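> below is the sequence, then the predicted model.
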Amino acid sequence: MRPVRTGHILRWGAMVGCATLICCVKARVGVAANPIEHYQAVSSDYGLRLKSLADALAARGDMEAACRVAEWRSPVPADQRRYYFPPGLAFASEKSTKAADGTKAVERFRQLRTDYAAALFELAKNAAGEKRISDAVAWTYETLREDPTHAGAARVLGLQLVDGRYLSAFEAAKHRAGDVWHERFGWLPQTHLARYEAGERYLQGKWVTSAEDARIHAAIERGWVVDTENFRVRTNHSLEEGARLAARLEKMHLVWRQLFARYHTAEGEWTRRFAGGAMKTLSNRRYNVVYYRNRNEFVAALERREAKIGLTSGIFMSDDDTAYFFADAERSNDPFVFHEVTHQLFSLSKATTLKVGERNNFWFVEGVACYFESLVLHPEYGELGRLDNIRLKAARFRLLQDGFYIPLAEFTAFSRAQLQSDPRIATLYSQAAGLAAFLLDGDEARYREAAVDYLHAIYGNRATPVTLAELTGRSYPELDADYRTWMTSLP
């Protein structure tokens, strides 16, 4: 870190305040082209302020505080989008919930975060007013990350204040019941925690050893069940693996809910919340996931239902609304899990047709799922769109190096059967992933809300081969050119 004179922080600190950042928001509105540029300007200002504070602390010799400030907000690469998690009970990291130590440095740090949160929430309300709901919701989650006491952000997200913390209705019920989340065991009564950590397990009203517990749960039909707010994971691998998977699925769900906010919740509901109205009570369903101990058990259980199951590493079955996976000892199964659960979330979060993409536009169903394979989870946030992801890397290579590209006028007409039987299926899936990333993120997310409308049309069986052009207001040759320009511009 570049040291600066200690006096610099005192002069600069006097200039920092909520009004400063909000004035920056208002000043940029007349200059920037869209809400994302507004966000980037305010976020950049915030990053510079954090760096100045960190530099001043380092120059003063307070390296612990300097490192904490410097690490709080890492830069977001140009090829990625970041989605923050709320500081609730189950999945918040120690860093985001650690109590302040009362020093002046911590107070300055807290004030910077509070000021930035206030500016962020202004941005979120402005974005909602411009019908950029995905951006508005994502910035509201980020607002709570910066200021966990922000009542406006908590209200928009439907959180309730319990013992000084904003929690979801599910977390609040768990808290009142005396349950705690443990990263190895899932939700447990607080009174059971010590005995679980000592190797005991509570089963059918009595305590048993972990070895006996494993024997009883060896068959998938009697496997461990780990319930979280939005998922029910059944596994015969281990309780620990079930809890690990369930926690990752909850984080993935938080990313999905931000990016596709207007898909699972009507725009009118979001508009009412951002305008200060009371939130309607929404019913959340729990998504079923079965997680086998190994590939052999996975194949044996599903081969009668799916002849090609041996070629897959996971599958979402629409006949029972369940996603199936297995523990892979040789490689991470995250991409397969994220892909299939994306299908599950879109299919089950609202009433949809069972014949999604049967006649046309099936490429976007798979493209969005392939795009979610790029998801990387961190303790406090998830990142989407990394170009080192194999699908997106292949999409760029095929387009710019091989010269392979199916124009959208042709690609949107592909039916499910046509796409899945094409001998170029792997290349077509990579193109679908690249195009999905472009529609969701490209050109400052210019087409993101149109992409959400496109998904509504596809899953509602209302899409035609010209729907995407109509929703974006761009001809297919223009979108093809926009895609190439975007791919060429990426680092």
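Here it is on my side, so go on.

> which SSE is immediately downstream of the strand or helix carrying Ala247?
Following DSSP states H and E, one finds Ala247 within helix 239-259. Using DSSP H and E, the helix or strand that follows helix 239-259 towards the C-terminus is helix 261-264.

> show me what that following helix is packed up against.
helix 133-146, helix 448-459 (3 or more Cβ pairs under 8 Å, 6 or more residues apart in numbering; DSSP states H and E). Where you see a C-beta, it was placed from the backbone N, CA and C, and this is true even at glycine.

> can you give me the buried ones in it?
For helix 261-264, a neighbour-count test (16 or more other Cβ atoms under 10 Å) marks Ala261, Arg262, Tyr263 as buried.

> I'd like those residues written out as CSV, with pLDDT added.
Formatted as CSV, these follow (pLDDT from 0 to 100):
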residue, pLDDT
Ala261, 96
Arg262, 94
Tyr263, 95
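
> quick one, which of the helices and strands packed on helix 261-264 is packed in tightest?
The highest average neighbour count among those, using mean count of other Cβ atoms under 10 Å, belongs to helix 133-146 at a mean of 26.

> now the angle from that helix to helix 239-259?
Interaxial angle, helix 133-146 versus helix 239-259 (axes from the mean of the first three to the mean of the last three Cα atoms, to 10 degrees): 120 degrees.

> may I have helix 133-146 as PDB, with CA atoms only?
Extracted C-alpha coordinates of helix 133-146, given in PDB (Å, rounded to 0.1, in the frame of the first residue of the first chain):
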ATOM      1  CA  ILE A 133     -35.100  -4.100 -11.200                       C
ATOM      2  CA  SER A 134     -32.200  -6.600 -11.200                       C
ATOM      3  CA  ASP A 135     -29.800  -3.800 -10.600                       C
ATOM      4  CA  ALA A 136     -32.000  -2.200  -7.900                       C
ATOM      5  CA  VAL A 137     -32.300  -5.500  -6.000                       C
ATOM      6  CA  ALA A 138     -28.600  -6.300  -6.200                       C
ATOM      7  CA  TRP A 139     -27.600  -2.900  -4.900                       C
ATOM      8  CA  THR A 140     -30.100  -3.300  -2.100                       C
ATOM      9  CA  TYR A 141     -28.400  -6.500  -1.000                       C
ATOM     10  CA  GLU A 142     -25.000  -4.700  -1.200                       C
ATOM     11  CA  THR A 143     -26.500  -1.800   0.800                       C
ATOM     12  CA  LEU A 144     -27.100  -4.300   3.700                       C
ATOM     13  CA  ARG A 145     -23.600  -5.700   3.400                       C
ATOM     14  CA  GLU A 146     -22.200  -2.200   3.900                       C
END
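
> taking helix 448-459 as reference, get the angle to it.
120 degrees.

> pull the distance from helix 133-146 to the chain's centre.
12 Å (Cα atoms, centre = their mean, to the nearest Å).

> tell me what it is packed against?
Against helix 133-146 (3+ Cβ pairs under 8 Å, 6+ apart) you get helix 35-59, strand 81-84, helix 104-129, helix 151-156, helix 239-259, helix 261-264, helix 267-274, helix 448-459.

> what does the second one rub up against?
Residues outside strand 81-84 that contact it (Cβ atoms under 8 Å, 6 or more residues apart in numbering) are 76, 138, 141-142, 144-145, 254-255, 258-259, 380-385, 441.

> got the helices and strands packed on helix 261-264 as JSON lines, with mean pLDDT and distance to Ser313 columns?
Below are the helices and strands packed on helix 261-264 laid out as JSON lines (pLDDT from 0 to 100; distance: least, Cβ to Cβ, whole Å):
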{"stretch": "helix 133-146", "mean pLDDT": "96", "distance to Ser313": "29"}
{"stretch": "helix 448-459", "mean pLDDT": "96", "distance to Ser313": "24"}
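
> any chance of these in CSV, plus distance to Asn230?
Below are the helices and strands packed on helix 261-264 laid out as CSV (distance: least, Cβ to Cβ, whole Å):
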stretch, distance to Asn230
helix 133-146, 15
helix 448-459, 19
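
> could I get the CA-only coordinates of stretch 342-362 as CSV?
Output in CSV follows, covering the C-alpha atoms of stretch 342-362 (Å, rounded to 0.1, in the frame of the first residue of the first chain):
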residue,chain,number,x,y,z
THR,A,342,-30.8,-23.2,-12.5
HIS,A,343,-33.2,-25.2,-14.6
GLN,A,344,-35.0,-26.2,-11.4
LEU,A,345,-35.3,-22.6,-10.1
PHE,A,346,-36.7,-21.3,-13.4
SER,A,347,-39.1,-24.2,-13.8
LEU,A,348,-40.5,-24.2,-10.3
SER,A,349,-40.4,-20.7,-9.0
LYS,A,350,-43.6,-19.9,-10.9
ALA,A,351,-46.1,-21.7,-13.0
THR,A,352,-44.4,-22.7,-16.2
THR,A,353,-45.0,-25.1,-19.1
LEU,A,354,-43.6,-28.6,-19.1
LYS,A,355,-42.5,-28.2,-22.7
VAL,A,356,-40.0,-25.3,-22.3
GLY,A,357,-38.3,-24.5,-25.6
GLU,A,358,-40.0,-27.4,-27.3
ARG,A,359,-40.6,-25.5,-30.6
ASN,A,360,-38.0,-22.7,-30.5
ASN,A,361,-35.7,-20.6,-28.4
PHE,A,362,-34.4,-23.6,-26.5
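
> flag every buried residue along it.
For stretch 342-362, by 16+ other Cβ under 10 Å, it's 342-349, 352, 356-357, 359-362.

> now do that stretch, average pLDDT.
In this model, stretch 342-362 has an average pLDDT of 87.

> can you give the contact residues for it?
Contacts for stretch 342-362 (Cβ under 8 Å, 6+ apart): 253, 256, 260, 263-264, 285, 287, 316, 318, 321, 323, 363-365, 368-369, 372, 412-416, 418-420, 454-455, 457-461, 463-465, 467-468.

> how far away is Tyr381 from Glu146?
Separation of Tyr381 from Glu146 (Cβ to Cβ, to the nearest Å) stands at 12 Å.

> my bad, should have said Phe316
35 Å.

> and the angle from the helix or strand hosting Val368 to helix 448-459?
According to DSSP H and E, Val368 maps onto helix 362-372. Between helix 362-372 and helix 448-459, the angle comes out at 120 degrees (the same axes, to 10 degrees).

> buried sites along stretch 215-224?
So, applying 16+ other Cβ under 10 Å, buried residues of stretch 215-224: His217, Ile220, Gly223, Trp224.

> in these, find the pair that's most separated.
Farthest pair in the buried residues of stretch 215-224 (Cβ to Cβ) is Ile220 and Trp224. Separation: 10.0 Å.

> who touches both of those two?
Arg234, Thr235, Asn236.

> residue contacts, Ala54?
Applying Cβ under 8 Å, 6+ apart, the residues contacting Ala54 are Met1, Ala66, Cys67, Val69, Ala70.

> hang on, the earlier thing: for the helix holding Val368, what is the distance to the chain centroid?
On Cα atoms, centre = their mean, the centre of helix 362-372 falls 16 Å from that of its chain.

> same question, stretch 335-355
Worked out by Cα atoms, centre = their mean, stretch 335-355 lies 15 Å from the chain centre.
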